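**Q** Sequence first, predicted coordinates after that:
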Amino acid sequence: MDASSRQAESSPPVYSQTARRFHWWSALIVLIMIPLGIVMSYEGPAFKLSDVTTGRMNSAHKLIGFILFWLIVARLFNRLRNGAPRDEPSLTALQKGAAHATHWSLYVLLLAVPLSGWIGVSLYGAREIFGLFSLPPLSGVDQPLSDKVFVWHFWGAMLILALAAIHIGAALFHHFVRHDGVLRRMLPSLTRTRS
């Protein structure tokens, strides 16, 4: 066995290129969606948004959320079909458990929050996007119930934000303090994939 083969075996594998693309596209969309949702639902005087602007932001939020839902479905299918690389060898059992719990909680929330938004706009009767088309209905119209669904939608988004902050903080801690390969496994520039 030559030196390059021994190094390949000893180096922990990274996520596949497809998994990394799913990860970074999901992260980008969430970074757009949460501020967009907060601003469009804000009713105070600070932003001074017109009804037209708010309507366009609502349409964009619905459309991007619909795309995010199906992106996460595809991402989850890819993960279940192809698996993930083995854990970073330097992690303790507790760290591995926390990482897996965070990852799977994010998967659940990244499905549940867009789905709750879709249910909410169906219940509210506001499925139209930019006046061009409408999302398929997931329920009949029940505006009082939609208000309750949107509360859950909001708090689910806040939970995504909290878990994402923990996830990012942990990745940066591993990279800059522990100097291990946790962050490098998901960086988009890497070419070596999971074995």
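**A** Nice, I can see it. What you see is a predicted model; the values in this text were computed from it and never measured.

**Q** next helix or strand past the helix or strand of the chain with the lowest mean pLDDT?
**A** Every helix and strand in the chain was compared by mean pLDDT, DSSP states H and E; the lowest is helix 3-10, with a mean of 44. Following helix 3-10 in sequence order, the next helix or strand is helix 17-41 (DSSP states H and E).

**Q** Quick one: distance of that next one to the chain centre.
**A** 6 Å (C-alpha atoms, centre = their mean, to the nearest Å).

**Q** which of the residues in it are buried?
**A** Ala19, Arg20, Phe22, Ser26, Ile29, Val30, Met33, Ile34, Leu36, Gly37, Met40 (16 or more other C-beta atoms under 10 Å). Heads up, the C-betas are built off the backbone N, CA and C, glycines and all.

**Q** other SSEs contacting that helix?
**A** helix 51-82, helix 143-173 (3 or more C-beta pairs under 8 Å, 6 or more residues apart in numbering; DSSP states H and E).

**Q** and the angle for the shortest one with helix 51-82?
**A** Pointing back at helix 143-173 there. Here helix 143-173 runs at an angle of 60 degrees relative to helix 51-82 (axes from the mean of the first three to the mean of the last three C-alpha atoms, to 10 degrees).

**Q** In a markdown table: the helices and strands packed on helix 17-41, plus mean pLDDT and mean neighbour count.
**A** Listed next are the helices and strands packed on helix 17-41 as a markdown table, based on pLDDT from 0 to 100; neighbours: other C-beta atoms under 10 Å:
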| stretch | mean pLDDT | mean neighbour count |
| --- | --- | --- |
| helix 51-82 | 95 | 16 |
| helix 143-173 | 95 | 15 |
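
**Q** Now distance to Tyr124 too, for those, in TSV please.
**A** As requested, those are exported to TSV (distance: least, C-beta to C-beta, whole Å):
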stretch	distance to Tyr124
helix 51-82	11
helix 143-173	4
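
**Q** what's the closest of those to Gly97?
**A** When the helices and strands packed on helix 17-41 are compared by C-beta to C-beta, helix 143-173 sits nearest Gly97, at 12.7 Å.
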